[in-house]
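Participant: sequence isn't available, so here's the structure alone:
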DNA sequence: AATATGGTACTACAATGTAGAGGAAACGAG
DNA sequence: CTCGTTTCCTCTACATTGTAGTACCATATT
């Protein structure tokens, strides 16, 4: 694994998926991030999701269309083992640095 | 302030400077990051430092040459108020997301 | 059938991350 | 006093991530 660092957004997206659990699909993830204070466009999110999927950090499955107005099929995402690992790896240096003066 | 997100490396560099305090110069920062488990080339570090300086997140001053073998003048960096703010801003969404399932 | 709604995909460009090679300055040994 | 060694900074070029806008699709309402 030559390159194992993920970016800032990628990290947040992974966390949002974990938080949402089984109900993690695009729009919900977007809302979660906005609520957390990280504003971004919907397009930016899907691009990031695609890249995470390419790298094997998240997996996805298409859901059934719901009976709501505009109920298009949702794409549900979940964090793979490799994704959880990448998340931990991303957080480690920060923890080591912050531990010493408590800025976390 | 249209764009106020900083990247993963930028964040770590800011933290390393804070940790080192007055003794924060290139090589020391590099060593600190390596020790924290974030390996990177020296070139990558200086590029990042320049960009942080351009953005006004860090300031710098040239030191006096020391009396060591090869004791060339060092460039000392410090985190500006805007840098500390950016650091906090970068950490906020992560905290809000992680608070709920404790992955931090 | 037309439009509103909730959702995903594509495209193109900006910002960050990355490393390598290349100076510049100071010291010690000859 | 000049040469190699050490320490440190700068420049260049390219890869990866971040960003938003726009297009697109399917269903429900009217």
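Facilitator: Sure thing, it's come through. All figures in this text were calculated on a predicted structure; none of them were measured in a lab.
Participant: got a list of what the residue nearest to residue A:40 when sequence neighbours are not counted touches?
Facilitator: In this structure, residue A:40 finds its nearest non-sequential neighbour in residue A:33, 6.3 Å apart by CB to CB, 6 or more residues apart in numbering or on different chains. Where C-beta positions appear, they are placed from N, C-alpha and C, glycine not excepted. Contact analysis of residue A:33 by CB atoms under 8 Å, 6 or more residues apart in numbering or on different chains lists A:12, A:13, A:16, A:39, A:40, A:45, B:93.
Participant: now, of those residues, which are buried?
Facilitator: In these, burial by neighbour count holds for A:12, A:13, A:16, A:45, B:93, counting by 16 or more other CB atoms under 10 Å in any protein chain shown.
Participant: what pLDDT is listed against the third one?
Facilitator: Predicted confidence (pLDDT) at residue A:16: the value is 98.
Participant: repeat that for the second one.
Facilitator: The predicted local distance difference test score for residue A:13 is 98.
Participant: what does residue A:48 give?
Facilitator: For residue A:48, pLDDT reads 98.
Participant: same deal with residue A:69?
Facilitator: pLDDT, residue A:69: 75.
Participant: hang on, it in a helix?
Facilitator: No: the assignment for residue A:69, made by DSSP: H, G, I helix; E, B strand; the rest coil, is coil rather than a helix.
Participant: distance of it from residue A:30?
Facilitator: Separation of residue A:69 from residue A:30 (CB to CB, to the nearest Å) stands at 19 Å.
Participant: picking that back up, would you format the contacts of residue A:33 as TSV with secondary structure and distance to residue A:60 included?
Facilitator: Formatted as TSV, the contacts of residue A:33 follow (DSSP: H, G, I helix; E, B strand; the rest coil; distance: CB to CB, whole Å):
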residue	secondary structure	distance to residue A:60
A:12	helix	18
A:13	helix	12
A:16	helix	14
A:39	coil	24
A:40	coil	19
A:45	helix	13
B:93	helix	23
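Participant: sounds good, over and out.
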